[in-house]
Each structure stands twice: as C-alpha cells, then as structure tokens.
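Participant: The sequence isn't on hand, but the structure is:
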C-alpha cells in the first residue's frame, strides 16, 4: 500500500497569462473565462463549466477575459501552500484506478441521503449553499469552499432552500467503476426514495498511480 496526495488548487489568471505545470495526473475545470491547454503536442480550448484530464507537462493560457480555474492533482507529494485543500489517500501499488470529475446539481431543498462512495474525493461548491454532515459534525459550505470525503464514511447533505446548489467533485475510484456510479446508500429505505440531484460527468479517465 502506498500513499498519494490529492489536492485542489485554484488559479486566477489575467488576460493572456500563462502557467506551466509539470507532468502528473490532473483534472482542470474552468469556473470562469476560457483557457487554452497545451499538452503532449496537442492544444485545445476549455470553456466555462468544462473539464479535461491531463497527465503530461501542461501549459494553460487564459483568454482575453482572463480565467479562473480549479485543478485537482494526484501526485506523490503535492504542492503544499498552493492548495485550497489536500488529503493523503491510500493506493495499492498494483491497483487499477480512474479519476472522475462530475458536477452534481440540486433543486431547492434537495437532499443527499446518507451514503458512502467507493473511493476518496475532493468537492468544491460551485453555487448555492450546502450543509454536509459526517460523523455527526455538520459543515456549512459557501461557493468556492471545498471539502474532502474519504469514501467509506457515511455522509448526509442538504442543499439550500432558497438557492439552486451545485458542486464539482473529483474522485479516485477503482477502474472497474468506469461508467458506473460509486454511491452506496447506508439505509435500505433511502435506496428507493426519489433522488432529485442530477449528475453531469465531465471526465472518467483510467490512470496509472
């Protein structure tokens, strides 16, 4: 068993500003503006509410209006003080994994019934307000605030009753879950209840750790 660092970093780039990043598994999500990404000899433009996975050296350049982006990185050490949030996660040396980035949207007063996931991940609130309860401790989250879920710990959450709520998350999951949900409901009676949240999957990428 080895350890990797999963972290979330926010970059705010002025018009035309460029940032160069070393090779590692990462997912880039554009919150505002546009960026041009160059990696492994290919270039592509990433627009707001889009995400991409990269593993090689990466160059990101903001468009004319600047850009704000969130990037999740999985590495052996992490970047420390640059992180919005970071967590050490265990990985099997010979394990097969994927990185998944998706967006979860809730209607007014939406509920995520008590559940677990089959892998760890970092979430960041995109809009609205969100109350997340783990181990009987509740955290009230506002846009731009991030939280970590280890996976096996039961989580219950409620969305704002006055604002639409959404968050972006990146999880490290077993590769056998490619294209499949990772959620498990703790209480049998919750499994059959109507679920009001909707999911938009941006990235479901097998990786080498």
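Facilitator: Looks like it arrived, so ask away. In this text, all values refer to a predicted model and were calculated from it rather than measured experimentally.
Participant: tell me how far the one helix or strand in the chain whose mean pLDDT sits lowest is from the chain's mean position?
Facilitator: Scoring the helices and strands of the chain by mean pLDDT, DSSP states H and E places helix 188-191 at the bottom, with a mean of 91. Chain-centre distance of helix 188-191: 26 Å, with C-alpha atoms, centre = their mean, to the nearest Å.
Participant: and the following helix or strand past that helix, which residues are buried?
Facilitator: Counting by DSSP states H and E, the element after helix 188-191 in chain order, helix or strand, is strand 198-207. Buried positions in strand 198-207, judged by neighbour count with 16 or more other C-beta atoms under 10 Å: 202-205. The C-beta positions use only the backbone N, C-alpha and C, and glycine is treated the same way.
Participant: thinking again about what came up before, so what secondary structure elements neighbour the least confident helix or strand of the chain?
Facilitator: strand 111-117 (3 or more C-beta pairs under 8 Å, 6 or more residues apart in numbering; DSSP states H and E).
Participant: swap the cut-off to 10 Å and go again
Facilitator: If you count contacts as 3 or more C-beta pairs under 10 Å, 6 or more residues apart in numbering; DSSP states H and E, helix 188-191 packs onto strand 111-117, strand 183-185.
Participant: Pipe those into TSV and attach mean neighbour count and mean pLDDT per row.
Facilitator: TSV is the format used below for the helices and strands packed on helix 188-191 (neighbours: other C-beta atoms under 10 Å; pLDDT from 0 to 100):
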stretch	mean neighbour count	mean pLDDT
strand 111-117	17	97
strand 183-185	15	96
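Participant: TSV for the ones you listed, including distance to residue 36?
Facilitator: What follows is these, written out as TSV (distance: least, C-beta to C-beta, whole Å):
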stretch	distance to residue 36
strand 111-117	33
strand 183-185	35
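Participant: Show me where this structure dips below the pLDDT cut-off.
Facilitator: 80-81 (pLDDT under 70).
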